[in-house]
Every structure is written in C-alpha cells, then in structure tokens.
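what follows is a predicted structure for the sequence shown.
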Number of protein chains: 2
Amino acid sequence: MNTIKGNIIEKEENKGAEILSIGSELLLGNILNTNAQWLAEELAFLGIPHFRQTVIGDNSSRLKEAILEASSRCQILITTGGLGPTPDDITTKTIASAFNTPLEERNDLLIELKTKLKDKGYILSKSQKKQCLVPSGSEILKNSTGTASGIIWSPIPGFLIMTFPGVSSELKEMWKKEAFPWLVKNRFSNEQIASKILLFSGISESSLADKIPHLLEKENPTVATYASLGQLKLRITARGINLEEANKKIEPIEKELVKLTGSKCYGENNQTIEELVIKMLINNKESIAVAESCTGGGLASALTKIPGSSKVFSGGIIAYNNSIKQELLGVAEEIITKYGAVSSQVVEAMSEGVQKKFKVDWSISISGIAGPSGGSEDKPIGLVSFCIKGPNKMVTWEEKFGSYKTRKDIQKLSVLKALDRLRLCMLKQS
Amino acid sequence: MNTIKGNIIEKEENKGAEILSIGSELLLGNILNTNAQWLAEELAFLGIPHFRQTVIGDNSSRLKEAILEASSRCQILITTGGLGPTPDDITTKTIASAFNTPLEERNDLLIELKTKLKDKGYILSKSQKKQCLVPSGSEILKNSTGTASGIIWSPIPGFLIMTFPGVSSELKEMWKKEAFPWLVKNRFSNEQIASKILLFSGISESSLADKIPHLLEKENPTVATYASLGQLKLRITARGINLEEANKKIEPIEKELVKLTGSKCYGENNQTIEELVIKMLINNKESIAVAESCTGGGLASALTKIPGSSKVFSGGIIAYNNSIKQELLGVAEEIITKYGAVSSQVVEAMSEGVQKKFKVDWSISISGIAGPSGGSEDKPIGLVSFCIKGPNKMVTWEEKFGSYKTRKDIQKLSVLKALDRLRLCMLKQS
C-alpha cells in the first residue's frame, strides 16, 4: 500500500534512506548543513523515501550508536564527513567497528592517492595513508576531484551504507558520477519521481503565482516556485511507475507555462544564463568583450566560468578608475564631467571603446554605484547604467536595485541583468 | 568528571541538549535547516553540551519515536516547527501523546491570540484555536512576534522539552527573550564557551596536523582543523566559568600556533585574503591592477567585492585571447610563439604591460589551463603561471593544481594563490 504525505512516498515495505551528517563543526553551529539539503533533494528526485536526518559530532561511541540505530530503521544510510586524514576523521573506522569488521588497506586506493598527490607535487604523509583503509568487503565510491574516497557497503542484509566526504563539491561530483547511477542500476528507486525546473527572469514570484493558481493547486504533478536573488525557479514534480510515465505528466504543464510566460522563461534545470548566452554566441559564431566598472570583473568571470567560453569571449577592460575609462576606453573627459561616471552617455562610450579595441560583435558595459558609500540623492546606491552594443543595434538602460541592497548583491544583480538583456537582444536579432 | 571529545564538552552527569527539527519540507530538501545551526551556536555560547540533531517529517508515529528516544539520551530537547494552525502541524499534540498527557486549552493563550488577530483585523478561526492547547502542567514560551507559542515542559524527571515555531525570526525572538534567560536562571548554563578561528594558506591540513599533535590532543582548549577548497581553518575552543576566563585559555595556544606557522597564518575568524590585501594596500597607499587570462576576471571580481577597494584597485585587462595579450598588454608575438601563452615569459610581459597602462605600484598576471580541454602532456590542465610585479621586485612562479580538478576549482585556486602571494610579497617589503 502506498500513501503520500507531504510529497514523500511512504511505502510500507520500503524503509527508505536516512542521512547522517558527521562533524563537530555542525553541532557547534560553525557551518550550515547544506549537504543534507542537497542530498534530500536528490533522494526525492530518485523517489527514494527519506524519513530522518541526524547530525553527530566527531565522537566514536555516539557515532556508532547512531549507525546501529539507523541500521534497524532504514534501508540506505548516507553519511557525509569524517573521511579526511586527521585524527578527528573517524567515519570509516567507526562504521567498520559497528559491524565488527576489520579494515583493510586497498592497494588501488593507495596508488590513486599517490598519483593525485604527485600531480600536486606532494608526497603521501603518514596520516593520509589512513584514507586507503576500508571495511573488508566494501565497494569503493570513487572521488575524482579530491583525496577522500567513500564506500558502498552492506554490512547486514537489507542495509546499505554509502559514505561521502563533507566537502560539498566532492560529495556532489561523487553522487552524480558514482552513487546515483549505482542506485538506479540496483533498483533502489521503485516509483520514480521526475522533476523539471523552469527558470525565469524579468518576472516576480508573486506575478508568476497570480498567473497560475490552477497549476499551484495540482497534486500530480505538483508545481512550486522558489525565489532567490535575481532568480526565479519553478519546479514541476511528477510521480509515475517509471521515469517515462512521470516525464509524460510534466510535458503539458511545461508547455502551458512556456506559453504563458514567453521569453521570460529562459531555461531549465541547472542551466545558467551565462551558459545559455555562451551557447547562443557559439551558435551565431559571434564574439563578445566587456567593459566593467562597478561589477569589477564579475561579468567577465561569470562568462569565463563556462567551458568553451574562449571560443567567443575575447576579454575585457575593468575600468574601475575614471582615468582608465578615458585612457583605455576612449571615454571623453567632458562626458564624465558633464553626466557623471554612472550615466547612459558614459556606458555608451565604454561599449564603443571596448568594441573597437577588441574588434568584437557584441560588447556590454556596466557602470554603477555598488556602495556601501558613494550614493547621492540624484544617484543613489543601487543605480546601475548598462549598454549593450550588437552588430545591428545598441540598447542603453538603467536599473535601480535599491539602496538597501548590499554591495555584493548589487554586483550580482547587475551581472545577471546584463546577461539576461544580452540574451533578449540576441533572441530579437535572430 | 569532565572529558572532552571532538570539541564538545561531555560531562558524565550532563547529558546535554538535542535539537529536533520537524517538517517534511526539510526532508524534501526544499529549505535549509538554518534554525538548527543558529540554535547550535546559542547552545555553544551558553556552554550547554549539544550532541545530536535530528530532522523528522510531519508524521506523528515517527515524531513520537524520535521524542521518546531523545528523552532517554538528553537533558533538554529543543524542537522547531509544527506549531502552526494547519493539520500537518502536529508537534504539541505528539509530545503530549508521547508522555500520555492530556492537552488543555489555556485561556490566557486564547485571549492573547484573539488580541493579536484583532490587531491585524482577523478573527479567530477554528483551526487556530488548536494553538491554545498545551500538555497539562507545561509552562508557556511566549511568542511576541507571531501566533505560535511554545512550551517548556518536563514530562519525566531530568528531561525538559522546549518547543519553538519554524519561522526563524519568531524562534530567535523567543529564544532571546524567553528561553535564554530561563536557561541561565535555572542554571542549565554553568560554563561558557569561547572560540577563535585561525586561517592558513600555503600549508595542507595534514602538514599542519603533523606539526601540532600535542595541540590536537588537548582537552581545554580543544584544537581542530577544517579544510575546504584552497582554505584551511583551525578552531581553538575553550571553556571557562565566564567568557573572560575562556578567552584567556585561548591566548597561549594562539600564540604558539602563530609562532609555529609564521606567515602561513594569515588571519582570523571571518577575514578573507582579499579583504586583508585591500587593507594592506590602503595602509601602504599603493595601487594595483591585474592582467588575467585563465581566471577571466575572477581576481578583479574578488578584489572589487571588498568595500573601499576603489581606493587602491585601478582596474585590469582580461586578455583571454592571445591577440589581446599582444595588442593591449604589449606581449611580443615571438614570446607567445616560442614559450606558449602559459609561461613565465608571457606572464612577466603581461605584468609589465598592465603596470605601464594603469600606472600602478603592483600588478598581478595569471595565465593557465583551466580545462576541461586544452591540456597537453607538457602543459597539463591545472598548470597556471603567475607573475607579481611590485615597486621593488618581481616574482614569477607556476602552480600545478592537478588535472583532475574542475575548471571552476582551478580558477578559484588560482585567484586565492595569487592573492596570498601578493600578501607575502607585501609583508616582505614592509
């Protein structure tokens, strides 16, 4: 019998998964448990029921107790943390001892670890050797981006442990490359949940919600919105006996949403605007350069994080100083004096300047007041001027992000806005 | 007898506190458990040992199980969530039923709730009336900013429950105004905990650990290390009868660590290297500009995130294209052809070029292979060349971050390395 509560599938025969986060820094409140949230989302996506999360410090007797408790309650125990080389990293050792199993040194791990360290010019230290010890009979969960490997191990029938390091980037990479395919292949995921995220710009969460009350009420698929700084996500989640059936339920809802919102819906799932823009530029065989003032390299940095960006991104000039705007970008001194550095006249001159210097098809220029000082009544903190110059046209505009926003937020919002406007310019052109 | 394990005070007579977060949205990964982190910090501040956190969904049988388990393990159970008016808010009811205690309607709560609702122009609905029910014999934890009150209740000897709503602002207000003074008054807090974080660069976690085995074994203060991408933190945590005494215990350990690690210890607590470097430049009245290739604006972006950076940061050139390196930075074509774009010769020419253009005291240039493609046997992914040119000297070097690292990680590590080396150059100069 299956019942559903608060979106979680509860199968009487399925004892589901638990997440056990290990680290005294969590109990001291030094860090936020973002790993547990991320894993919880992944479990929901796989349709694996998830009924409990626990946090335990670096203490072997309490950790052992928590592991044994979980083994009597759940089917899969996912642990994070405690796989490092120092004495307070006790996860693997404690798991082995909880099930009275000896640790064995794995030669393949030792060789891999030595290679990784050699790459960096280090040699294996005594304390690091412990990272090659795993309980007898366990499989290895490979860590391609770090030195702490995990294990997949079933110490008793019907109970499985997967261990991950606490470093989020490594955990995510290991989950995607190793654990996720393993769970699917070994059929831990019975009723499957498919979900699709749609990404929006230029529309607020409440305006979107007002457009779709009938969708927000649906039960299968469910539709929910999530807003964060400069971004609006909508998640469609459907259940089905398999992924194909679940995905079929998503399709009509997605179509309706795209029709309702037009170009405001810019992408899906983990796509970013910068990824999309780089892709469009590559497809159009067009090049781009930037001239940044208040974003100080943030726009260029966003674009160059995308693999392949070197095909279209030529570079840029960070003209933080007004004298640099004049000398390197050819902005006339009179224009700066007359209209101020944050003005449509200056960003237009910046765009023209960088386009000439870099001989590119597109240029973006940004100049604004990011704060925390430098604002005036006329030109408050959060005021940002933009110019995009393309092969056929030029767009100049300003945004007021609000003077109560932080410097970092104003910089981030400026970058997102510039990228989104570039996307719209390219859409119109094609 | 007191013993300390993994940074947390374990008194044999003190079974400490546990945090129980209630809400299916946490298990679905929809929201981050920021409440648990905040409460954990507060408990540490009060010196109340805290050994476990649990997250449970809106399911009464599982919640009851978790409450009863905790009652056998800890002295204080702090719950968050599930105090609202809707059917999935089951915390109070479940706690009462776990200890076979009837609920009673509290007239004072009813009057207060009606007043609060009247203030907002609402009248009491049937479902809201349930927020006035508490287990017989419990005290009320007043909620001055919301409608969901909590309870303080000892259902069995030596065990106390405190309940809070999941809304963070209400929880914090209730904690500060009601729970914190109550705990102090009732002598749950005998000792206080002080802690200090030291920040390191240029030393790996295991090398640091190998240097300080005697400190890692200490019981009061405790010393623990935490590594993340390109960063190493060490936390010293001390207990004392008051904060002053606890802080005094930290001092000698801090001095010893600073002496042992020298300039590898760059800061404390929440400081960042970019903050530190901007501060040093401001103090020295020196200016800086950057020439970036593989980091694509990331270095400039890190520096300009710091308020006040405009006083010393003039700008930079992102020379992603080799032609830009030649045209804007004056790097000779022959040098690029002969040594390749990732070479000491090219970064030196880039540094010289940008220093001339921007007329600054310091310049940093970076050129490397961030991947995922573009690597060769000679020059693998992760190889990055750097040059720092200062008023009196020039440093050129290369790093091998490892070809298994992601593009983003290589970019981030390059930025951190460049900033740290700049810090060391400035230290030597002064």
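Nice, I can see it. Numbers count the residues shown, from 1 in each chain, chains lettered A, B, ... in the order given.

ok, is stretch A:396-405 in contact with chain B or not?
No: Stretch A:396-405 does not reach chain B (C-beta under 8 Å from any C-beta of the partner chain); its nearest approach is 13.2 Å. Glycine gets a C-beta too; all of them are placed from N, C-alpha and C.

domains in chain A, by residue range?
Listed domain ranges for chain A are A:2-185, A:192-268, A:273-429 (source: automatic domain parsing).

which residues of the stretch 151-300 of chain A lie near chain B?
Residues of the stretch 151-300 of chain A lying near chain B by C-beta under 8 Å from any C-beta: A:167, A:169, A:173, A:224, A:226, A:290, A:292, A:294-300.

a markdown table please, covering the domains of chain A and showing mean neighbour count and mean pLDDT.
Converted to a markdown table, the domains of chain A look like this (neighbours: other C-beta atoms under 10 Å in any protein chain shown; pLDDT from 0 to 100):
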| stretch | mean neighbour count | mean pLDDT |
| --- | --- | --- |
| domain A:2-185 | 19 | 89 |
| domain A:192-268 | 16 | 88 |
| domain A:273-429 | 21 | 95 |
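
distance to B:Ser136 for the ones you listed - can I get that in a markdown table?
Formatted as a markdown table, the domains of chain A follow (distance: least, C-beta to C-beta, whole Å):
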| stretch | distance to B:Ser136 |
| --- | --- |
| domain A:2-185 | 29 |
| domain A:192-268 | 38 |
| domain A:273-429 | 47 |
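
wait, which of the ones you listed is closest to B:Ser263?
Between B:Ser263 and the domains of chain A, the shortest separation by C-beta to C-beta is 20.1 Å, and it involves domain A:2-185.

and the closest one, how far out from the chain middle?
On the basis of C-alpha atoms, centre = their mean, to the nearest Å, domain A:2-185 sits 21 Å off its chain's mean C-alpha point.

ditto for stretch A:228-244
In terms of C-alpha atoms, centre = their mean, the centre of stretch A:228-244 is found 15 Å from the chain centre.

now stretch A:248-262
In terms of C-alpha atoms, centre = their mean, the centre of stretch A:248-262 is set 24 Å apart from its chain centre.

stretch A:297-315 too?
From the chain centre to the centre of stretch A:297-315 is a distance of 18 Å (C-alpha atoms, centre = their mean).

and it, how far apart are its ends?
The distance separating the two terminal residues of stretch A:297-315, taken as C-alpha to C-alpha, to the nearest Å, comes to 10 Å.

what residue lies at the spatial centre of chain A?
Nearest to the mean C-alpha position of chain A, by C-alpha atoms, centre = their mean, lies A:Asn270 at 7.1 Å.

in the stretch 1-150 of chain A, which spans are strands?
In chain order, the stretch 1-150 of chain A shows strands spanning A:2-5, A:8-11, A:17-22, A:50-56, A:76-80, A:103-105, A:133-135, A:139-141, A:150-156, with DSSP state E, counting those that start in this stretch as the criterion.

now, which of the residues of the stretch 151-300 of chain A next to chain B lie within strands?
Judged by DSSP state E, strands contain the following of those: A:224, A:226, A:290, A:292.

nearest to A:Asp210 among those?
Relative to A:Asp210, and with distances defined as C-beta to C-beta, the nearest of those is A:Ala224, at 15.1 Å.

show me the contacts for the closest one.
Counting by C-beta atoms under 8 Å, 6 or more residues apart in numbering or on different chains, A:Ala224 touches A:216, A:234-235, A:237, B:30.

next: A:Ser343.
By C-beta under 8 Å, 6+ apart, the contact list for A:Ser343 reads A:335, A:367, A:385.

picking up where we left off before, out of the strands of the stretch 1-150 of chain A, which gets nearest to B:Thr115?
Comparing the strands of the stretch 1-150 of chain A by their distance to B:Thr115 (C-beta to C-beta), the top pick is strand A:2-5, with 34.4 Å.

distance from the longest helix anywhere in chain A to the middle of the chain?
Among the segments of chain A that qualify as a helix by DSSP state H, the longest is helix A:407-429. Taking C-alpha atoms, centre = their mean, one finds the center of helix A:407-429 at 18 Å from the center of the full chain.

now check it, is it near chain B?
Yes: Helix A:407-429 is in contact with chain B by C-beta under 8 Å from any C-beta, via A:407-408, A:411.

how about CSV for these, with distance to A:Glu245 added?
Converted to CSV, the residues of helix A:407-429 next to chain B look like this (distance: C-beta to C-beta, whole Å):
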residue, distance to A:Glu245
A:Arg407, 48
A:Lys408, 44
A:Gln411, 44
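
just these now: which is nearest A:Leu109?
Distances from the residues of helix A:407-429 next to chain B to A:Leu109 were compared by C-beta to C-beta; the smallest belongs to A:Lys408, at 40.2 Å.

was I right to think the closest one contacts B:Pro307?
No: A:Lys408 sits out of contact with B:Pro307 when judged by C-beta atoms under 8 Å, with a separation of 9.6 Å.

how long is stretch A:145-153 end to end?
With C-alpha to C-alpha as the measure, stretch A:145-153 spans 22 Å from end to end.

residues touching that stretch, excluding its own?
The set of residues external to stretch A:145-153 that reach it, using C-beta under 8 Å, 6+ apart, is A:83-85, A:92, A:95, A:109, A:112-113, A:116-117, A:128, A:131, A:134-135, A:137-143, A:160-165, A:167, A:169-170, A:173-174, A:179, A:182, B:404-406, B:409.

now do the contacts for the closest residue to the residue nearest to the centre of chain A other than its chain neighbours.
Excluding its sequence neighbours, the residue lying closest to A:Asn270 (C-beta to C-beta, 6 or more residues apart in numbering or on different chains) is A:Ile197, at 7.8 Å. By C-beta under 8 Å, 6+ apart, A:Ile197 lies in contact with A:233-236, A:268-270.

in strands, which of the contacts of A:Ala224 appear?
The strands, defined by DSSP E, take in A:234-235, A:237 from the contacts of A:Ala224.

let me see the contact set for the residue lying closest to A:Lys130 once chain neighbours are set aside.
Setting aside the residues directly before and after it, A:Lys130 is nearest to A:Pro85 in space (C-beta to C-beta, 6+ apart), at 6.2 Å. Neighbouring residues of A:Pro85 by C-beta under 8 Å, 6+ apart: A:125, A:127-128, A:130-131, A:147, B:205-206, B:209.

if we use 6 Å, what do you get?
Going by C-beta atoms under 6 Å, 6 or more residues apart in numbering or on different chains, A:Pro85 touches A:127-128, A:131, B:206.

ok, these vs B:Leu68, which is closest?
Comparing the contacts of A:Pro85 against B:Leu68 with C-beta to C-beta picks out A:Gln131 as the nearest, at 38.2 Å.

within the sheet, what are the partner strands of the helix or strand containing A:Ser385, with directions?
Secondary structure assigned from DSSP states H and E places A:Ser385 in strand A:383-389. According to DSSP bridges, the neighbouring strands of strand A:383-389, each with its direction, are strand A:362-368 (antiparallel), strand A:394-400 (antiparallel).

if we can go back for a sec, among the contacts of stretch A:145-153, which lie within helices?
A:92, A:95, A:109, A:112-113, A:116-117, A:169-170, A:173-174, A:182, B:409.

which of the residues you listed sit farthest apart?
The largest separation in the ones in helices among the contacts of stretch A:145-153, counting by C-beta to C-beta, is between A:Ile95 and B:Asp409 at 28.3 Å.
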